[in-house]
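Colleague: Need a 3D model of the following:
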Amino acid sequence: MTRQPRTGPLETADRVIGFPLSRIEGPLKVTGTAPYAAEHQSADMLHGFVALATIASGGIARIDTADAAAFPGVVKIYTHDNRPRTAWWDSAWKDEVALPGHPFRPLENDRVLFDGQPVAFVVAKTFEAARDAAALIRIAYEADQPKTSIEVESEKSYVPKEKRSGIAPPPSPRGNADEAFAAAPFKLSSTYTLEGEHHNPMELFATTVLYEGEGRLTIHDKTQGSQNSQGYVCGIFELKPENVRVFNTYVGGAFGSGLRPKHQLFLATMAALDLKQSVQLELSRREMFYLTWRPATVQTVKMAADDNGRLTAILHHAVQATSLYEDYQEVVVNWSGLLYRCDNVKLTYELAEMTVSTPGDMRAPGAATGVFALESAIDELSYQVGLDPLDMRVRNFVHVDQNQDLQLTSKALHACYRQGAERFGWEKRLHAPRSMHDGPDLVGWGMATGVWEAQLTEATARARLSADGSVTVSAAASDIGTGTMTILAQIGAEAFGVDAEHVTVRIGDSQLPKTSVEGGSWTAASTGSAVAAAATAVRQTLLDAAKDMDASPFGKDVTVEQTAIRDGRLVLDVNDQVGIALTDILASKNLTFIEEEAKVAPDAQQAKKFVSYTHAAHFVEVMIDEELGVIRVTRVVTAVAAGRILNPKTARSQILGGVVMGIGMALHEEGMIDHRTGRIMNHNLAEYHVPAHADIHDIEVIFVEEHDDKASPIGVKGLGEIGIVGIAAAVANAIYHATGTRVRHLPITIDKVFYAKEAAE
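Modeller: Below is the predicted model of the structure:
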């Protein structure tokens, strides 16, 4: 990317990491000059539009494209009758984060598996022609009875036979949870239901395929992994990787929706290869609702405690929706055996097949769902025991991962509780529900714990130091709005002793060094560590060259760890007077630059002893109009322990975004399905509610100091997802404290508050 002028105060070389640097690509984005996937053009560009199924289950009896094909500007219409040949085996269609089952193949046959399934693809000379022609396609269906209610289908749930890669199944039971539950003096058994949520990032899914001739393609794709899209295209169409280059330099949000390739990539590539012409396909906002979603879930939690409030039994069972063709799986119940000390735990997880598109990872998949049930249940139990909800959690604090019997690399959750409660003013809370008021409003204070796995994945990066002092760092990693470009620039700047403005960051290109898809909050830890390692490799090369110079001040026993780069010189870290100018070192080898590549990966031996998580404590205030039932989240304090914070500004932004999405999960977001037809009824932002500015009030973020030298080589834990985990529970707990009415069905809307109140009475 192009280097940008400095947008903040001058940062010193030894304060680049930890400095609240504004996003280096920010000026491009706010001026509209950062090109996204649908903003690339060519002279002969064709445009596509997708015709969607209007049933949720059944088959196509007849499809008539004659009028559409005759529409001016139409080049070709693809259906299941004329789709070009593609790879046969499922393995060729599976991307690097694919699920067990049969991957969805657009226009494969006449079967309809979900509402909004693509059933025809129109390619025309203009977008308008493609759109208008698609409206002329006539399709007759033979509809089957849809299965879209999680409450109904959960009665036919099953344990998936094949486990999804990277998703840990529930651990074996420990102790005897049923007996301990039966014998406990305090106990509860509650069911928690979540309706499906739909990803709605600002950027629509789009693909621009530039046909370069002879099967060579340049593709701009809305994705969280350029190399994943490249592998997908090459597998399906039997293309050579060297002939396919995928870019996703700028991504306008994704939240997990872009982990797997979507049908617009397949359709645009198929048409480009068939027509030997460039093709662009941008999906509509409506179509975003059919691509991927946080699955509807029904969870039952049985929890028991002794007279002192210490947990004696936890039983957590979850049934989660999946499609007819793939077994989508998340880590939902495992958190209940991890977060609190308990010797008797039984965790079970099943799936329910429904006539829906395959669900997908949506910000903190599994944890946002499972922790809602866990943190609601422990809050409920705290009132039974007669303990403050925070005290209940502190009494059951645990320092190890009981699920895996592993030590934690670090856990500053106690500090999160303490600092968050102090900033929020928790000590002023009145314990009894309905005991706090502000004029006509009921006031409720609730809290919850958040936890998310801090992972390190394999990643490779390249670093280049040029004679003019400029630095380039490169990796295929994506920036989905998290600030990846900026933190990689900061890591490179600190490593080479320059300001961030002198660092060029190249990412979002399948030809760059290999990284995983951006997800799981692992990119900063993984790609950031790889950049740091590549910079160290450059410094090693410099040191080796410096030692070869006449009258070198560096003895043979000097190691790279003992050196640093400051003011354009390689120096001893403890003594800047001992060193050589970088230009002199490069000149001694007749070089204009030094470039090195490095790879990081999880330590297999360390993984046998340690596991790493980020933690958070959320404190929430709600005000509820008692007559109208309108709920306002008026204050949130979130304390987060996530290791080393590379950039407080972008880090805070991530937590703010997570909190807002958590409020949306608690109060707003709900895919409404007409179970008679199986169709999504609110597939637009007018009727699918997300928090607006008026819904969001004061949010304060605290980063708790936490040193962790095992979570990642640079001491970083991910921040993208911890901000949402537990927020929905904290809001629900605050609503109970305000009203004395417990709502266990998300989202919590006015009608549910009144209904729960009437049922309790």
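Colleague: Is there a neighbour count for the closest residue to residue 326 other than its chain neighbours? I'd like the number.
Modeller: Leaving aside its chain neighbours, residue 326 sits nearest to residue 101 (3.5 Å; criterion: Cβ to Cβ, 6 or more residues apart in numbering). Backbone N, C-alpha and C define where each C-beta goes, glycine included. Neighbours of residue 101 under the rule other Cβ atoms under 10 Å: 19.
Colleague: and what of the one 4 residues further on?
Modeller: Look at residue 105: counted by other Cβ under 10 Å, it has 17 neighbours.
Colleague: Verify the contact between residue 717 and residue 525 for me.
Modeller: Yes. Using Cβ atoms under 8 Å, residue 717 is in contact with residue 525, at 6.5 Å.
Colleague: Quick check: neighbours shared by the two?
Modeller: 454, 711 (Cβ atoms under 8 Å, 6 or more residues apart in numbering).
Colleague: how much space is there between residue 625 and residue 99?
Modeller: 44 Å (Cβ to Cβ, to the nearest Å).
Colleague: More neighbours: these two, which one.
Modeller: Neighbours were counted for residue 625 and for residue 99 using other Cβ under 10 Å; residue 99 has more, 24 against 14.
Colleague: can you count the residues close to the residue nearest to the more buried one when sequence neighbours are not counted?
Modeller: In space, and not counting its chain neighbours, residue 99 is closest to residue 326: 4.4 Å by Cβ to Cβ, 6+ apart. Per other Cβ under 10 Å, the neighbour tally for residue 326 reads 19.
Colleague: can you pull the contacts of residue 326?
Modeller: Per Cβ under 8 Å, 6+ apart, neighbours of residue 326: 99-104, 358.
Colleague: Name the next helix or strand downstream of the helix or strand where residue 729 lies, please.
Modeller: Using DSSP states H and E, residue 729 falls within helix 727-739. As assigned by DSSP H and E, the chain's next helix or strand after helix 727-739 is strand 745-746.
Colleague: now that following strand: mean pLDDT?
Modeller: In this model, strand 745-746 has an average pLDDT of 98.
Colleague: which residues of the stretch 201-350 of the chain fall in helices?
Modeller: Along the stretch 201-350 of the chain, counting by DSSP state H, counting those that start in this stretch, helices occupy 226-237, 263-275, 285-288.
Colleague: give me the number of residues near the nearest residue to residue 431 once chain neighbours are set aside?
Modeller: Once flanking residues are discounted, residue 431 sits nearest to residue 388: 6.3 Å by Cβ to Cβ, 6+ apart. If you count neighbours by other Cβ under 10 Å, residue 388 ends up with 19.
Colleague: Then residue 76?
Modeller: Residue 76, neighbours per other Cβ under 10 Å, totals 16.
Colleague: and if you look at residue 276?
Modeller: Close neighbours of residue 276, defined as other Cβ under 10 Å, add up to 12.
Colleague: what does residue 539 give?
Modeller: 22.
Colleague: Give me the distance from stretch 450-462 to the chain's centre.
Modeller: 12 Å (Cα atoms, centre = their mean, to the nearest Å).
Colleague: actually stretch 334-351, not the one I wrote
Modeller: With Cα atoms, centre = their mean, you get 23 Å for stretch 334-351.
Colleague: Show me which residues of that stretch are buried.
Modeller: 334-340, 342, 344-351 (16 or more other Cβ atoms under 10 Å).
Colleague: closest to residue 521 among the residues you listed?
Modeller: residue 335 (15.1 Å; Cβ to Cβ).
Colleague: ok, that closest one touching residue 373?
Modeller: No. With contact defined as Cβ under 8 Å, residue 335 does not count as touching residue 373 (9.2 Å).
Colleague: So residue 451: helix, strand or coil?
Modeller: Following DSSP: H, G, I helix; E, B strand; the rest coil, residue 451 is assigned to strand.
Colleague: Give the bridge partners for it, please.
Modeller: Judged by DSSP bridges, the bridge partners of residue 451 are residue 615.
Colleague: residues in contact with it?
Modeller: 335, 338-339, 367, 371, 613-616, 722, 725-726.
Colleague: Also residue 531?
Modeller: 461, 463, 473, 475, 488, 491-492, 495.
Colleague: same deal with residue 623?
Modeller: Counted by Cβ under 8 Å, 6+ apart, residue 623 has contacts 438, 441-444, 631-632, 634, 738.
Colleague: Please name the spatially closest residue to it (chain neighbours excluded).
Modeller: residue 441 (4.2 Å).
Colleague: Let me see the contact set for that neighbour.
Modeller: Taking Cβ under 8 Å, 6+ apart, one finds 623-626 in contact with residue 441.
Colleague: again with residue 660
Modeller: So residue 660 contacts 691, 696, 699 (Cβ under 8 Å, 6+ apart).
Colleague: Let's verify the closest residue to residue 488 other than its chain neighbours: helix, strand, or coil?
Modeller: Excluding its sequence neighbours, the residue lying closest to residue 488 (Cβ to Cβ, 6+ apart) is residue 505, at 5.0 Å. Under the three-state scheme (three-state DSSP), residue 505 adopts strand.
Colleague: Residue 712 versus residue 505, what's the distance?
Modeller: 19 Å.
Colleague: ditto for residue 540
Modeller: Distance from residue 540 to residue 712, by Cβ to Cβ: 20 Å.
Colleague: out of those two, which sits in the busier spot?
Modeller: The residue with more neighbours, out of residue 540 and residue 712, is residue 712; 26 against 17, by other Cβ under 10 Å.
Colleague: Test my guess that the more buried one contacts residue 532.
Modeller: No. The pair residue 712 / residue 532 is not scored as a contact, 9.6 Å apart, by Cβ under 8 Å.
Colleague: Considering the contacts of residue 441, which member attains the minimum pLDDT?
Modeller: residue 626 (88).
Colleague: Of the contacts of residue 623, which count as buried by neighbour count?
Modeller: Counted by 16+ other Cβ under 10 Å, these give 441-444, 631-632, 634, 738 as buried.
Colleague: Among these, name the ones in helices.
Modeller: residue 738 (DSSP state H).
Colleague: Bridged to the residue nearest to residue 69 when sequence neighbours are not counted, which residues?
Modeller: Nearest residue to residue 69 in three dimensions, chain neighbours excluded: residue 77, at 5.5 Å (Cβ to Cβ, 6+ apart). Bridge pairing for residue 77 (DSSP bridges) gives the partners residue 122.
Colleague: ok, now residue 636?
Modeller: Residues in beta-bridge contact with residue 636 (DSSP bridges): residue 620, residue 699.
Colleague: Any idea how many residues pack against it?
Modeller: 27.
Colleague: Could you verify that residue 417 is part of a helix?
Modeller: Yes. Looking at residue 417 with three-state DSSP, it is inside a helix.
Colleague: Assess the claim that it and residue 393 are in contact.
Modeller: Yes. Using Cβ under 8 Å, residue 417 is in contact with residue 393, at 7.1 Å.
Colleague: For stretch 117-137, measure first residue to last.
Modeller: With Cα to Cα, to the nearest Å as the measure, stretch 117-137 spans 15 Å from end to end.
Colleague: what's next to it, contact-wise?
Modeller: 46-53, 60, 63-65, 67-69, 71-80, 106-107, 112, 139, 263, 267, 270-271, 275, 279, 282, 290, 357.
Colleague: Report the buried residues of that stretch.
Modeller: For stretch 117-137, a neighbour-count test (16+ other Cβ under 10 Å) marks 117-124, 127, 129-134, 136-137 as buried.
Colleague: What of stretch 644-654?
Modeller: Buried-residue list, stretch 644-654, by 16+ other Cβ under 10 Å: 644-647, 650-654.
Colleague: Report the mean confidence score over that stretch.
Modeller: 97.
Colleague: what distance separates that stretch from the centre of its chain?
Modeller: Distance, centroid of stretch 644-654 to centroid of chain: 16 Å (Cα atoms, centre = their mean).
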